[in-house]
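J.: with the input below, show me the fold.
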Amino acid sequence: MAAEPAHWVVHCDGSAVPNPGRMGLGALLVGPDGTPQHRISEATSFSGCNNEAELRALLRALQWLEQQVVAASTTVQVISDSSVLVEQLGAPGQRRAQAVAPIERLAPLFDEARRTLGQFAQVDLQWVPRHHNGAADALARAALGLAPKVATPSGQLVKKRKRR
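T.: Below is the predicted model:
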């Protein structure tokens, strides 16, 4: 009897300030035992938009994971607050309510992400509201020297305003 594939969870987020602008990449990788195994908080040396930052954060996390595990025997759950990322990378063969228009400028990065995800035994892409992806968001913002967004009791995120 074959062993169950190892299951990893990748929380990813990206930030561009301004949008487009400097990009911060954030990811939290949770191992099969349910504990955080690796954190990514990196600023890029080039600028781009929020969608690009989100995608590059995922790619960076997957590159790290590929170096740690045997991809063919590993399942990955990707959690992102980017509906664009989740819709564009939707599972192969997955029926969508309506076709998602590709972002031409980012097509090579999406193709790279699809190839990389295809190396794993199984992939589940899950969109979550922004306030449920706080750890990855904080890592992306920290890469740019920004404080985490503050959540109100209702779960809404509030940007801090500069004092004048």
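
J.: quick one, longest helix in the protein?
T.: helix 50-68 (DSSP state H).

J.: and residue 86, what is it in contact with?
T.: By Cβ atoms under 8 Å, 6 or more residues apart in numbering, the contact set of residue 86 is 78, 80, 125, 126, 127. All C-beta spots, glycine's among them, are computed from the backbone N, C-alpha and C.

J.: counting by contacts, list what the longest helix of the chain packs against.
T.: Using 3 or more Cβ pairs under 8 Å, 6 or more residues apart in numbering; DSSP states H and E, the elements in contact with helix 50-68 are strand 6-17, strand 21-30, strand 36-48, strand 74-80, helix 83-88, helix 107-117, helix 134-143.

J.: re the thing from before, out of the contacts of residue 86, who's the most crowded?
T.: Neighbour counts for the contacts of residue 86, by other Cβ atoms under 10 Å, peak at residue 80, which reaches 26 neighbours.

J.: my read: that residue touches residue 12, true?
T.: Yes: judged on Cβ atoms under 8 Å, residue 80 makes contact with residue 12 at a distance of 5.4 Å.

J.: between these two, what contacts are shared?
T.: With Cβ under 8 Å, 6+ apart as the test, residue 80 and residue 12 both reach 54, 58, 136.
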